[in-house]
Every structure is written in C-alpha cells, then in structure tokens.
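1. Show me the folded form of this:
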Amino acid sequence: MRKTFSADANGHITKLLQYLTREDALQASAGFIKFISYYALQKGHECVLDCLRKSPELMGVLTHFVRWTFSSKTPAAASFLHLSETGFLRVIDEKTFKDNLLSPMVKSMLRNPEVVLPAVIAVIRGVSVDLSPFCLEIGKQIGTQLHSKVETSRKLSVDAAKYLAQQCSDTAVVDELAVYLFGVLNGSEGKITLATERTDVISGIGNLSAQKRGDLQASADRITSLFTAVVAGEAHEAVAVHAIAMLGLWSAKFTRVPLALQTALKNISSLKSAVIRTAYLGCLSTLLRDQSAEVPADLVPVLSKIVETAAASKVGDVALASEALPAASVLLLLNFSTTKLSTLWSALSDTAKQTFASEKFLSGCSPDAMKFVSLLVERLLVFHYDRLKPDAVRMYIRAMSYSLLRSSQSERRQALQSWKKIVATNRIGMLSEDLVSALKTTLVKLKSADAGTDKSSDGDSTQRAQNFSKNAIAILTFVVECYVELDFPAADKGRLIVECLLISSEPGVASLRPSMWISLLRRFRHDSLFPDKLVADHIDEIWDKLQTEDALSDEALKIAVKTFAGFPTLTTVTKLLANVKKEVSAAEVLAVSLSDVLVFHAPAGFLYDKSVLEAHNEEAAKGNIKRESKAYSYKEQLAEIELRKELEEKKKAKLGGKEAPLTPKQKEVVTKQIQKETVVRQGVAKVYKRIERPFLILDSMIAGNPDCIRSYLSEIIGIVSPLLHVPLTARPACQTWILMSDCVHDHLKNGGIGIYFLICLITFLGS
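-> Below you'll find the predicted structure:
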C-alpha cells in the first residue's frame, strides 16, 4: 500500500531542497525538481507543494530553474517543462514571480526567443498568479516574436498570447495589448509585408479573446473597428479572411452587434471578394447564437437580399449558396410571424431546387461553408421543426450527414453538439434513424466520387476514404451515446441499433472496427437489448432493409448477414428461410425458360442465337432455286449452293476464323434479333434481381455460422434441391449446395452430401 507524507513531511522536503540548491548539484537538480513535481501530483501527496511554498530554499530552486530555462543556450526538455508547469510552478505567488521570474523571462525573449519560448509558455500556464500587472511587459515581447523571421517563434508566440490572456483578469489591460499589436501590424516596429507574418500577428490578436470573462462587450466597438480597418486596407485576400475569422473569436463573446460590424455588413455588396463577404456573414452568424440575440433591423433587408439572390440562381451554385448560408442562419433567429420572410422560407422548404442541400453544393462547398450547413440545420430543426414537411426534414438531415462526414475534427465536434441539441429538443427517435440512413448513403457517395475524380493519386484517395470511415465510426458512437444520455425508450434504441447494422457493415467501417455493431449494442446493455433477442424481434425489418438496400455493395450486405447470423434463434432462422423460399420459388421465377436464361447470360449487344442468320441465308439461297431452268437443273443448283458454302468456309479459314462481312439484309436480320434478345434479357434480369438477394442472404448465413445452420440443413436442402432443376436458379442453387458442405462433419463432406449432389446434378442435366 502506498505511503503518504506524514506530519514530518516538511523536514524531508527541506532536506531535499538543501541538496537541490548545492552549488555542486547543478546537473542533478533538474531531476529533483521533476521528482518533486511528479510526487506532488500523486494522490495523498498534496502537502508537498505546501511544504515547498513555505521552504526558505525556494529561492535557490528558482535560481536553478532560471539557469536551466531562461539562461540556457539549449531548449529545456519538454518533460521537465511539463512537470514544472503542473507541479513546481504552482507554488509561485505574485511577488515571487515579479522578483525572480519576470525580468529573466523578458530579457531572454530579447536574446534567444526560439530557445526560451517553450519555457515562457510553461511559466505563463503554470503560475497561479493574475498576470494583469505584467501583461503589457510580457505581451510586448511576445508581439515582437509574432512577426519574427523564424516560423517556430511565430507559432509559439501565437500560443503564448492565448495563455497570457487566459491568466489576466483585467480586460482593459488585454485590450491595451491588442491595440499595441494592431500597431505592430500597421508598422509601429517596422513594416510587415509578408502574408505569413501578418497572419501570425493577427492570430495573436485573435487569441487575446481567450480571456476567462465570458462577456467582452466592453471591448466590442474598439476591437471591431480595428479589425474592419485591417480588412479594408489588406492587400492579401487570405489575410483579410483570416482577420475576419479572428474577429469571429472576439465576436463569440459579444452580446450585441458592434456598430463597426453593422457598417461593414451594410456595405457588403460593395465588396468584390465573395470570400470576404462570406467571412463577414459567418462572423455575424457566430455572434448571434440563439433567438434571444437581437438582430439589427437595418441588416434584415441586406441579409434577405443575399438569400433571394441565391434562391434565384441556378441549382448548385456553390459560391452564392455558401454566401447565403450564414445569412439564412441569422434570419432563422427572427420571429416569422412578425417579419416578412416569405422568400427565405420558400427557399428553405423547396425540396425540388434544394438551394442549400443539393448534392452538387454539399459535395463541392468548402469546409468553412460546412460548419454553416450544420448551423442552418440546427436552427431549422430546433426553432422551426413544426413548419417543415417530412421531405424537407429528411433533406436537411441528409445535409447534416455531409457536414458531419466532410468537416474537420473541430468542426465535426460542433456539428455533433448541434445534432444533440436537435435530438434533445424534439425527442423524436426517427430523426437519428434518418441520420444513420443518410450517413450510409452519403458515405458511399463520397467514397465513390473521390475515387472517380482523383485516379492519379490512389494513395491520397485511399487515405481520404479511410478518414470518411473513421468519421462515420465516431458519428455513430456519438449518436448512440446521445440516446443513452438522453434516456430514450428501449424501443427507440432497438430501432436505432437495427438501422446501424448496415452502415456498420460498410467494408471500410468493418475493416477498421470489425465488431462495430456489437460495440454499439453494448452501450445499451442496461436496457436488456441482447443481440439474439433484438435480431429475432426485428427480423422482418432487417429482411426488408437487406432486400431494398441499393447504396451498399454486396460485400457489405454479406458482412451484415454474417454479423447477425452469429446470434441465431429459431425465430430468426425460420423466418429467413421462409422468406428465401417465398422469393426463389415464386411462379415468375419458375416460368423462365432455359433458352431465355442462356440469352440472359450471353454478353449484351452481341447476337446469341446465330441460327436465325443461318436460316435467313438458307431461305435466301433456296428462294433463288428454280425447278424449271434452261441453264441448270434443280440438282445442279443445289450442288452450286453447297459449293458456295464450302468456298465461304475456306475463305473464313483464310481470314483466321473471322466472319465475312454481312450483307445489308443480313445486318437487318441480326439487328432485329439483338433487339428481341435485349427485351428477353431485360425481362429475365428483372426476375433474377428478385432471387439475387435471397440467395446472397442464404449463402452468407451458411458461411457466417455453419455450425448453427447444420441444425437446419434439412430445411435448406428442401429449398435448394428443387431449384437445381429450374434454369434460372440452377447456377446460384449449385453454389449454395457447395457451401452446405461446411455445415456437415468432415466424414460426410465427401460422402453423403457429395453423392446426393451428384445424383441431383445428373438428374438435372438429363432432364
């Protein structure tokens, strides 16, 4: 059992600190600081830091810490900084920080910033001190590194600005630092021309919004006017868009739309760049988060005009729809009963045009637009669900599936939270079932579209397909966990799990998580949803889904059948065998003739029955024979026909077996026959489609659980044996018969079953 520090812990720590601060212990001391920090983090050892805080040797420890970090010519070890941040640095108070750490930290950033910036970040994050009094002094040095020529220094400085803001309670001081950094951006420390350097300075300003205070409205007008001025004067479009994105970080903590942002939005039509227009609208949508937010009245006509333009454009106009998405999201916060927004609602509810939910738009819009797709769906289904028709609801659920699968990890987290809000608000289980069904179709479409458009880079295409599968796994897990957290009825949970069966069997998903469906089902273990009972209760529904599924491949269906075949019950197997027998023994299946089946299996577009051409040739030749001829007798004419046939055969042999060119009359006969065979092939294909899935299900059951199916072997033989005599079912029935050998013991595989199969096959061939 682990021993904790007792009342005499102070004496032990004092002795350790005395050793730590010896002049000859400089090399070993870093390890002792790591030891103290690590030991203090263990349960029961919390008093270690209190002992360290009261120890007179603390100043000596700080002296060594400064030597190993700010005075060192090489970066401190990441493990040392991490343990110091989470342990040792927590004992530092404001006076100790000011007297022992502030000056060395600031001076070191002037000397070798790329070496000491990780240590600076560790100190800022680790100390339990309000850094507001030191914010400008530290922040100015960070600001200098934000436009450093060294990329590593710039990226570390961006993070340092964020952590510094988090440690400051005085908003006014952080605002002053932001104003100072805007001055740096505008050239107070020298003109900054490179786009990468300007972007990092702007990122630092944006990260200053990470203050602990949730309401930064006092800073709104000042900060927004500075950001909009940067956007107006920025020559690089990408930098301007990034500036608006950083303004969005500040706007997330505003409660009202700042005047400067209102002015920019009123004049948005004058902006030439569609990307900047979209970014501004997205910033407004981020600011106005729910129906309690006040949408400025003078912005409503501007936003409505943007939506009207997108609605009047051609279907799938990605640029206009992307621009109108955030505008529509804002307008959905308004009260439709008091605001004239008929154009908006007609655009949103039009399931024919699908302004914001067409396949072309959802598969072609940028990742930035995708986050507004999920926001639009959230506001529609949370605030206006009762106004939408079922088809429109399904349309936007499909749009949500695209957003979830195509978004980045951070954006997908937000989209999942949006979905949780939708489900929690409406408490309708069918919504999640529709989402899982839409995810299945969307996953297949995205993979096939990606493989078809990027054949030159198969490796990248494979990686993207794998990422889609990983996203699908994460989404399914979240959706199921929502049902657990929101405590949906067991019946709704059962239907959801059944809906998850097919997408869990998609080959990409199954390769990453072979037992995906079972792992989802286990999350409902407290609801007595056992797999064998669940499958038995929903077997009719599962059968219908397998029969009508048209998005997934046959391989996915086989995986699905093998999955639930692992939990057989008498009800499950009996119903499946009855359904199989009903489909494969239908009257229309038995009525297909052997000649039609042979035509069906022949290649399309080629003549199968060549006897019609031979019959035509013989008829044409005999039609020219005259019994009464002055030149030739009847026998001589017949002999001449036979001679011509022999000459044609020799000519064909000289051509290497190729057919001689057809005459126009022969071509006409061949064309008519091919048309007849096409009609026959289409008719047989329609009937064959009816038996294809039942045989696939039966074969997958046998392959998935042969030990269990052995008990039902007599029933399967009763179904398959008669089908060996039916032309259309003979081929798949033979395959099923061969698979049945796995259901019997080894000593019967080459015995009874083989003999019986041989007898049936001989009987079939002789009939």
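2. May I have the phi/psi pair for the nearest residue to residue 89 once chain neighbours are set aside?
-> Computed as CB to CB, 6 or more residues apart in numbering, the closest residue to residue 89 that is not its neighbour in sequence is residue 126, at 3.2 Å. Backbone N, C-alpha and C define where each C-beta goes, glycine included. The phi and psi torsions at residue 126 (degrees, to the nearest 10) take the values phi -80, psi -40.
3. wait, residue 126 sits on residue 83?
-> No - using CB atoms under 8 Å, residue 126 makes no contact with residue 83, being 9.8 Å away.
4. And the helix or strand residue 319 falls within, what does it pack against?
-> With elements taken from DSSP states H and E, the one containing residue 319 is helix 318-331. Here helix 318-331 is seen to pack against helix 274-287, helix 300-312, helix 342-349, helix 359-364, helix 367-383 when contacts are counted using 3 or more CB pairs under 8 Å, 6 or more residues apart in numbering; DSSP states H and E.
5. any chance of those helices in CSV, plus mean pLDDT, distance to residue 679 and mean neighbour count?
-> Formatted as CSV, the entries for these read as follows, by pLDDT from 0 to 100; distance: least, CB to CB, whole Å; neighbours: other CB atoms under 10 Å:
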stretch, mean pLDDT, distance to residue 679, mean neighbour count
helix 274-287, 90, 52, 23
helix 300-312, 89, 45, 18
helix 342-349, 85, 43, 17
helix 359-364, 89, 33, 19
helix 367-383, 90, 46, 22
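6. Of those, which is nearest residue 238?
-> With CB to CB as the criterion, residue 238 lies closest to helix 274-287 of the helices and strands packed on helix 318-331, at 8.5 Å.
7. So the closest residue to residue 197 other than its chain neighbours versus residue 198, what's the distance?
-> Beyond its immediate neighbours in the sequence, the residue positioned closest to residue 197 (CB to CB, 6+ apart) is residue 147, lying 4.4 Å away. Distance, residue 147 to residue 198, using CB to CB, to the nearest Å: 8 Å.
8. now residue 737
-> 73 Å.
9. Of those two, give the one with the bigger neighbour count.
-> residue 198 (23 against 20; other CB atoms under 10 Å).
10. my read: residue 192 touches residue 199, true?
-> No - here residue 192 lies out of contact with residue 199, judged by CB under 8 Å, at a distance of 10.1 Å.
11. could you point out where the stretch 1-150 of the chain is predicted with low confidence?
-> Screening the stretch 1-150 of the chain residue by residue with the criterion pLDDT under 70, one finds the ranges 1-32, 35-36, 39-49, 51-52, 55-57.
12. just the helices in it please.
-> 9-20, 26-41, 47-54, 58-69, 78-86, 94-96, 103-111, 113-126, 135-146 (DSSP state H, counting those that start in this stretch).
13. got it, and the stretch 151-300 of the chain?
-> Under the criterion DSSP H, counting those that start in this stretch, helices of the stretch 151-300 of the chain are mapped to 151-166, 171-185, 195-207, 220-233, 237-251, 259-266, 274-287, 300-312.
14. Contacts made by the last one with the rest, please.
-> Right, the one you point to is helix 300-312. If you take CB atoms under 8 Å, 6 or more residues apart in numbering as the criterion, helix 300-312 is touched by 265-266, 268-269, 281, 317, 320-321, 323-324, 327-328, 330-331, 334, 339, 341, 343-344, 346-347, 350, 353, 355.
15. nearest residue to residue 423 other than its sequence neighbours?
-> Sequence neighbours aside, residue 482 is the residue nearest to residue 423 in space, at 5.6 Å (criterion: CB to CB, 6+ apart).
16. for residue 435, same thing?
-> Here the residue nearest residue 435, using CB to CB, 6+ apart, is residue 397, at 5.3 Å.
17. Quick check: the one you found touching residue 439?
-> No - look at residue 397 against residue 439 with CB under 8 Å: they stay out of range, at 9.4 Å.
18. before we move on, the earlier item: tabulate the helices of the stretch 151-300 of the chain in a markdown table, adding columns for distance to residue 493.
-> Supplementary listing: the helices of the stretch 151-300 of the chain in a markdown table, determined by distance: least, CB to CB, whole Å:
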| stretch | distance to residue 493 |
| --- | --- |
| helix 151-166 | 41 |
| helix 171-185 | 47 |
| helix 195-207 | 42 |
| helix 220-233 | 45 |
| helix 237-251 | 38 |
| helix 259-266 | 45 |
| helix 274-287 | 34 |
| helix 300-312 | 39 |
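19. which residues touch the closest residue to residue 252 other than its chain neighbours?
-> Once flanking residues are discounted, residue 252 sits nearest to residue 286: 5.6 Å by CB to CB, 6+ apart. By CB under 8 Å, 6+ apart, the residues touching residue 286 are 248, 251-252.
20. For those residues, which single residue is the most surrounded?
-> Counting neighbours by other CB under 10 Å, residue 251 leads the contacts of residue 286 with 25 neighbours.
21. Was I right to think it contacts residue 261?
-> Yes - using CB under 8 Å, residue 251 makes contact with residue 261 at a distance of 7.4 Å.
22. Geometric centre of the protein: which residue is closest?
-> The C-alpha lying nearest the average C-alpha coordinate of the chain belongs to residue 405 (CA atoms, centre = their mean; 2.2 Å).
23. And that one, how far from residue 263?
-> Using CB to CB, residue 405 is found at 38 Å from residue 263.
24. and what of residue 639?
-> Using CB to CB, residue 639 is found at 104 Å from residue 263.
25. if we can go back for a sec, state the number of residues packed around the residue nearest to residue 423.
-> Applying other CB under 10 Å, we find 18 other residues in the vicinity of residue 482.
26. thinking it is in contact with residue 420, fair?
-> Yes - Residue 482 lies in contact with residue 420 (CB under 8 Å); the separation is 5.2 Å.
27. Find residues that contact each of those two.
-> By CB under 8 Å, 6+ apart, residue 482 and residue 420 have no common neighbours.
28. among the helices and strands packed on helix 318-331, which is nearest residue 699?
-> Taking CB to CB as the criterion, residue 699 comes closest to helix 359-364 out of the helices and strands packed on helix 318-331, the separation being 33.9 Å.
29. Report the contact partners of residue 477.
-> Contacts here follow CB under 8 Å, 6+ apart; on that basis residue 477 touches 519-520, 523.
30. So which of the residues you listed wins on neighbours?
-> Of all the contacts of residue 477, residue 520 has the most neighbours under the rule other CB under 10 Å, reaching 21 neighbours.
31. returning to what we had before: on contacts alone, who are the packing partners of the helix or strand that the residue nearest to residue 435 is a member of?
-> If you go by DSSP H and E, residue 397 is part of helix 390-406. Other elements packing on helix 390-406 under the criterion 3+ CB pairs under 8 Å, 6+ apart are helix 359-364, helix 367-383, helix 409-426, helix 429-453, helix 458-485.
32. Buried deepest among the ones you listed, which one?
-> Each of the helices and strands packed on helix 390-406 was scored by mean neighbour count; the highest is helix 367-383, a mean of 22, by mean count of other CB atoms under 10 Å.
33. can you list contacts of that helix?
-> By CB under 8 Å, 6+ apart, the surrounding residues in contact with helix 367-383 are 278, 282, 285, 291, 318, 321-322, 325-326, 328-329, 332-333, 348, 356, 362, 365, 388, 393, 396-397, 399-400, 402-404, 406-408, 411, 414-415, 418-419, 421-422, 425-426, 431.
34. Any idea how many residues pack against the closest residue to residue 384 other than its chain neighbours?
-> Closest residue to residue 384 apart from its sequence neighbours, by CB to CB, 6+ apart: residue 332 at 6.7 Å. A count of nearby residues for residue 332, using other CB under 10 Å, gives 23.
35. Give me the pLDDT value at residue 332.
-> Model confidence at residue 332, expressed as pLDDT, equals 89.
36. Who are the contact partners of it?
-> Applying CB under 8 Å, 6+ apart, one finds that residue 332 lies in contact with 344, 376, 379-380, 383-384.
37. Quick one: closest of the helices and strands packed on helix 390-406 to residue 132.
-> Closest approach to residue 132 among those is made by helix 409-426 (29.3 Å; CB to CB).
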